[in-house]
Structures are given as structure tokens and as C-alpha cells.
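Trainee: Below are the sequence and a predicted model; questions follow.
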Amino acid sequence: MAFNQIIGDSPAMHKVFNQIKQAAVTEIPIMLIGETGTGKDLVAQAIHNYSPRKDQSYIPVNLGAIPTQLVASELFGHEKGAFTGALRTHEGKFEQADKGTIFLDEIDAIDEKVQVSLLRLIEHKKFQRLGGTNSIAVDVRMIVATNADIDDLVNDNNFREDLFYRMDVFRITLPPLRARKTDLSLLCDAFLQNFNKSFDKNISGISPSCMDVFYNYEWPGNIRELKNVVQRAVLLCNGEQIQTEHLPARFKNTESDASGPELTFTIGTPLDTVEKEMILAVLNATANNRTEAARLLGISRRALYNRLSRHNIK
Ligand SMILES: Nc1ncnc2c1ncn2[C@@H]1O[C@H](COP(=O)(O)OP(=O)(O)OP(=O)(O)O)[C@@H](O)[C@H]1O
Ligand SMILES: [Mg+2]
């Protein structure tokens with residue numbers, strides 16, 4: 001099934017759909033947590049579309065993509081002459097979002113100064129443009145998102161706790177694709193149809209061995225990665241069915257990459273030990289290149305870091 005373009009039928013996604021519906025009818029701040037490519041943008045848009053504000057503006061802002069020194073001016077605007085280069089008055093994203101919804105993506109990317117301004121805005125529902133003296137009142141519904149471990153950032157004092165609690169009122173956690181592989185065929189079918197249409201092709205399906213490869217892959221880039229893989233395969237395929245030969249090289253790595261030194265384990269070795277030994281061996285083989293090690297292990301860098309700390313590997 002699809003909910004406002006969000007495809008999924010796994011229990012984890014049904015939970016997300018329900019949370020979107022619950023969140024949409026309220027005015028409370030929402031925090032979306034999920035790895036890259038899990039659909040945070042789609043969910044934010046869906047919350048807005050199902051909310052009483054749906055006919056007002058929806059303003060997404062990717063804070064991670066704005067140079068740090070420009071973030072404040074982007075969000076709050078500035079008056080003419082506020083700083084060198086401020087040639088005219090600029091309306092910020094909060095003013096544009098008045099009566100509607102603002103989506104602040106990569107919220108972990110803002111510095112201490114912007115954190116303070118944001119906290120004031122949430123508390124007083126008012127703010128000033130840079131270089132301005134007038135208080136501007138806004139009525140904005142706020143959705144924030146991050147793919148960083150925000151709880152860690154707060155614990156390590158890299159993100160203000162008072163601001164965090166103001167934003168973390170209703171949390172929606174998006175599952176990684178590897179945790180909902182039962183949705184793979186549904187997603188594949190939908191993407192196949194889309195790209196058949198855009199490339200004017202008529203591919204009927206994905207071969208069983210290809211689906212096997214998909215089921216055994218960790219999908220560090222989640223749905224975005226799957227979508228790109230299907231797109232590429234549709235472009236390359238001239239036959240009836242997408243085959244493993246239409247997949248990027250990283251999917252064939254089980255044979256070619258597994259050519260290094262071998263590890264042997266006795267039956268009964270605890271999985272935890274196997275995992276630790278394998279990680280150590282791969283780090284050794286890659287001269288400690290963690291990006292490459294994660295790729296060889298078929299997991300995301302974040303997942304590798306989590307395991308390194310779990311196994312106490314320095
Ligand atoms: N459940 C889904 N059904 C259909 N398409 C999806 C789904 N989740 C994600 N996508 C698609 O995958 C791509 C990435 O999604 P999106 O931009 O929402 O991810 P994100 O979590 O915001 O990632 P990032 O952290 O990198 O910004 C988009 O093209 C989106 O349409
Ligand atoms: Mg995003």
C-alpha cells in the first residue's frame with residue numbers, strides 16, 4: 001500500500017502511517033529520526049498534507065546544505081545593510097512559512113547561536129530579522145529531522161538540551177530498509193513501473209536471483225539507494241526481466257571481494273566473536289579505511305561505528 005506516496009506494508013511502516021495521521025491533526029512539534037534515504041522528506045510533506053494547514057505554505061529547509069554563517073539569515077531574514085552584502089531586505093523562511101509548516105532538515109547542523117535564536121522563536125512565537133529591531137510574529141508548525149544520533153549530541157553537550165526538548169515532543173522513527181525487507185518487492189514493483197514509464201520501457205519484472213541479491217544486501221542508502229539501483233537497471237536492461245548483470249558492481253562483490261585472507265571458525269563460536277573477528281580482519285585488510293571496510297561488510301558507516309564501539313575496537 002502507499003500512503004501519500006510513501007510505499008510500505010510492513011508492520012513498521014503501518015506504525016509510521018498511524019503516527020503521521022496522529023501527528024497531522026495536532027499542532028505539536030514533530031521530530032523525524034532516520035538514516036539517510038528512509039523517507040524523512042516524504043513523511044514531513046505527508047504530515048503537512050494531512051494537517052489543517054494543508055492549503056498554506058510548506059517550506060522545507062535543508063540546514064546541512066547552507067553554509068553555517070548564512071543559516072540565521074536564511075531562517076530569520078535580514079534588513080538591508082545588516083551585514084556586508086545585505087543589499088536589500090530579505091524575508092526568511094519562517095516568514096514564508098507563516099500560517100503553514102516549516103520542515104527543518106538536518107537540525108543537528110545548526111550552531112549554538114542559531115540554536116538560541118530558534119529557542120527564543122519557539123518560546124515567544126516572535127523573532128527579529130538580522131539587523132532589525134521590530135519583532136515579527138509568526139504562526140508556524142515545526143517539523144525537524146536528523147539522521148545523526150541526536151540523543152548523543154545532546155548528551156555530549158553539542159546540542160542545547162532546552163531546545164532539544166522543545167522540538168522532541170512527538171518522535172517518528174523511520175525504519176531502515178534492512179529492517180523491513182518484506183517491503184522490498186512492493187517498492188521494487190512501484191519503482192519499476194515508474195521508470196518503465198519515464199524511459200518508455202516495458203520490463204515485466206525482476207528476476208528471482210536478483211531479488212535474492214536484494215534480500216541479502218544491507219542497503220546503507222536505504223530507499224534512495226534502491227530507487228537509484230532500479231532506475232539504473234531499467235536503463236541498462238533490454239530484455240524482459242532485470243538480471244543481476246544490470247546491478248552495480250558492489251552487488252557482485254560477494255565473489256570478487258571475498259578474495260582476501262580466510263577466517264575459520266569452529267561451529268559453536270559465538271556470533272558476537274565471529275562478528276568482532278570479521279570486523280578486525282576487514283579493518284586490517286583495508287588498512288583501517290572505515291568507508292571501504294563498511295562497504296566490504298555490506299553495512300553503513302554508522303552501523304560499522306556502532307559495532308566498533310560495541311566490540312570496544314579502537
Ligand atoms: N517509503 C517510500 N516509498 C516510496 N519512495 C520512498 C520511500 N521512502 C523514500 N522514498 C524515496 O527515496 C528517496 C529518498 O527519500 P527522502 O528524501 O524522503 O529521504 P530522507 O530520509 O529525507 O534522506 P536524507 O536523510 O538523505 O535527506 C526519495 O526519492 C523518496 O521519494
Ligand atoms: Mg531529506
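Mentor: All right, it came through fine. Ligands and ions are numbered 1, 2, ... in the order given.
Trainee: now the residue nearest to residue 305 when sequence neighbours are not counted: how far from residue 282?
Mentor: The spatially closest residue to residue 305, leaving aside those adjacent along the chain, is residue 290, at 7.6 Å (C-beta to C-beta, 6 or more residues apart in numbering). Placement of C-beta: from N, CA and C, glycine included. Taking C-beta to C-beta, to the nearest Å as the measure, residue 290 falls 10 Å from residue 282.
Trainee: more neighbours, the two?
Mentor: residue 282 (22 against 14; other C-beta atoms under 10 Å).
Trainee: check contacts around that one.
Mentor: By C-beta atoms under 8 Å, 6 or more residues apart in numbering, residue 282 lies in contact with 293, 296-297.
Trainee: As a markdown table, these with pLDDT and secondary structure would be great.
Mentor: Shown next, in a markdown table, are those (pLDDT from 0 to 100; DSSP: H, G, I helix; E, B strand; the rest coil):
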| residue | pLDDT | secondary structure |
| --- | --- | --- |
| 293 | 88 | helix |
| 296 | 86 | helix |
| 297 | 89 | helix |
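Trainee: Quickly list what's touching both of residue 290 and residue 282.
Mentor: Shared contacts of residue 290 and residue 282 (C-beta under 8 Å, 6+ apart): none.
Trainee: okay, and for the chain, where does confidence drop off?
Mentor: By pLDDT under 70, the low-scoring segments of the chain are 253-260.
Trainee: Tell me the residue of it that sits nearest ligand 2?
Mentor: As assessed by C-beta to the ion, ligand 2 sits closest to residue 41 within the chain, at 4.2 Å.
Trainee: quick revisit: ChimeraX command to pick out the buried ones of the contacts of residue 282?
Mentor: Buried residues among these (16 or more other C-beta atoms under 10 Å), as a ChimeraX selection:
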select :293,296,297
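Trainee: can you tell me which of the contacts of residue 282 are up against ligand 2?
Mentor: By C-beta under 5 Å from the ion, no member of those lies near ligand 2.
Trainee: any idea which residue of the chain is furthest from its center?
Mentor: Farthest-out residue of the chain from its mean C-alpha position, per C-alpha atoms, centre = their mean: residue 266, at 39.2 Å.
Trainee: Report the separation between residue 273 and residue 311.
Mentor: Per C-beta to C-beta, residue 273 is found 9 Å from residue 311.
Trainee: Those two - which one has more neighbours?
Mentor: Per other C-beta under 10 Å, whichever of residue 273 and residue 311 has more neighbours is residue 311, with 14 against 11.
Trainee: which SS class is the closest residue to that one other than its chain neighbours?
Mentor: Using C-beta to C-beta, 6+ apart and skipping residues adjacent in sequence, the residue nearest residue 311 is residue 276, 4.4 Å away. Here residue 276 is helix, with the state taken from DSSP: H, G, I helix; E, B strand; the rest coil.
Trainee: Up against ligand 2, what does the stretch 101-250 of the chain have?
Mentor: Residues of the stretch 101-250 of the chain lying close to ligand 2 (C-beta under 5 Å from the ion) are residue 105.
Trainee: Please list the residues of this structure that sit near ligand 1.
Mentor: 6-8, 34, 36-42, 105, 147, 223-224, 227 (C-beta under 6 Å from any ligand atom).
Trainee: Contacts only, for residue 105.
Mentor: 40-41, 44, 60-64, 144-145.
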